[in-house]
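In: Fold the following.
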Amino acid sequence: MKRSALVLILLISGVCLFSQIATKILFEDGWKIFGEETIVEKPSLPLTMIVYGDSRWGNQTHRKLVELMDEYRPAIVVHLGDMVNSGDNEREWEIFFEITAPLRSYAFFQPVKGNHEKPDVYYRQHFGLYNYWAKVEDYVFIFLDPDTGVKRCENFIRSIDLSGKIPIVFLHYPIFSGGPHGRTQTVKNLQVLHDVFRELNVPIVFSSHDHNYQRIVKDGITYIVTGGGGAPLYRLDPIEGLLVGAVVHHFVKVNLHRDRIECEAISVNGEIIDSFTVSVRSSS
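Out: This is a model prediction of the structure:
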């Protein structure tokens, strides 16, 4: 009898964990479902998307940010990497999934692999996505993992049919940054993608890695650094093209319309630290 009860408890625990990490992810022209079988409806415009990164071990701040995000009921949530501090620490992943469960219960949750997801055994287990793309009407979301190689990222971007589409790029490492990582070779190597983005008419690029907020405009492209998801904050120095910067925990709310992208950077205290609109061409 005791053995049967133990087996039942283990089965129930397994179901709870299985349900906890259930995640639906937009992928190519449809979606993937991790953790459960669910019929999902693809989002349509206009929609609200939340973008943020670098939660790592800042669980208390991360939890508060998620509570604020949940108030906006986003259709899509993009985490730009460094979801955990140590990619091979299973307990950190359990905490991450517990904190983000409210959002993942209804929103598409788009992962981008950061450097702290390495070693990526659990990232592969939970997501298994590195360079991938998704489409919602005229928008094509491009998710990059520069650790696969900058040239491979370029080739991947060019392999996507962007005819008549509006591409938005998401990656962990910034292309430009006034934070400490802006001077690293990793970031400098990525700057070759700027010309690719110009050629393909990318209006906006989201990244994290530096733990602050930045809005940088180069050659008509808006670069957002949003690394304020809970990890310790980094200093910010002025650089060419930096229009707005803030050393604060935050996320970015993005309202997507057919002809414009409206963004608000919102601090952990609910204050709007930046607000701007990017006009995009409409194919309709």
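In: Residue 31 sits in which helix or strand?
Out: Residue 31 is part of strand 30-34, with elements assigned from DSSP states H and E.
In: Just the C-alpha atoms of that strand, please, in PDB.
Out: Extracted in PDB, the C-alpha atoms of strand 30-34 (Å, rounded to 0.1, in the frame of the first residue of the first chain):
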ATOM      1  CA  GLY A  30       3.100  27.900 -37.200                       C
ATOM      2  CA  TRP A  31       4.100  27.000 -33.700                       C
ATOM      3  CA  LYS A  32       5.800  24.400 -31.500                       C
ATOM      4  CA  ILE A  33       4.500  23.200 -28.200                       C
ATOM      5  CA  PHE A  34       6.800  22.000 -25.500                       C
END
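In: Could you give the separation of that strand from the chain centroid?
Out: What separates the centre of strand 30-34 from the centre of its chain is 16 Å, taken as Cα atoms, centre = their mean, to the nearest Å.
In: what packs against it?
Out: Applying 3 or more Cβ pairs under 8 Å, 6 or more residues apart in numbering; DSSP states H and E, one finds that strand 30-34 makes contact with strand 23-27. C-beta coordinates here come from the backbone N, C-alpha and C atoms, glycine included.
In: Direction included, what does the strand it packs on pair up with?
Out: strand 30-34 (antiparallel) (DSSP bridges).
In: after the strand it pairs with comes which helix or strand?
Out: strand 47-52.
In: ok, residues contacting that following strand?
Out: 65, 69, 72-80, 103, 107, 136, 170, 206, 208, 224, 226, 228-229, 250-256 (Cβ atoms under 8 Å, 6 or more residues apart in numbering).
In: ok so, going back, can you pull the buried residues of the strand holding residue 31?
Out: Neighbour counts over strand 30-34 (16 or more other Cβ atoms under 10 Å) mark 31, 32, 34 as buried.
In: ok, and what's touching it?
Out: Strand 30-34 is contacted from outside by 21, 22, 23, 24, 25, 40, 42, 108, 126, 127, 129, 134, using Cβ under 8 Å, 6+ apart.
In: Just give the nearest non-adjacent residue to residue 133, would you?
Out: Spatially, and ignoring its direct neighbours in sequence, residue 133 is nearest to residue 142 (5.0 Å; Cβ to Cβ, 6 or more residues apart in numbering).
In: which ones are touching that neighbour?
Out: 133, 156, 157, 160, 167, 168, 169, 170 are the contacts of residue 142 under Cβ under 8 Å, 6+ apart.
In: buried sites along stretch 164-184?
Out: So for stretch 164-184, counting by 16+ other Cβ under 10 Å, buried means 165-179, 181-182, 184.
In: As a check, name the ranges of all helices in the stretch 51-200 of the chain.
Out: 59-70, 90-104, 121-126, 150-159, 185-190, 193-199 (DSSP state H, counting those that start in this stretch).
In: what residue ranges in the stretch 1-150 of the chain are flagged as low confidence?
Out: Scanning the stretch 1-150 of the chain with the threshold set as pLDDT under 70 gives 1-21, 35-40.
In: before we move on, back to that, of the helices of the stretch 51-200 of the chain, which is nearest residue 262?
Out: Judged by Cβ to Cβ, the one of the helices of the stretch 51-200 of the chain that comes nearest to residue 262 is helix 59-70, at 16.2 Å.
In: Packing partners of that closest one?
Out: So helix 59-70, by 3+ Cβ pairs under 8 Å, 6+ apart, packs with strand 47-52, helix 90-104, strand 250-256.
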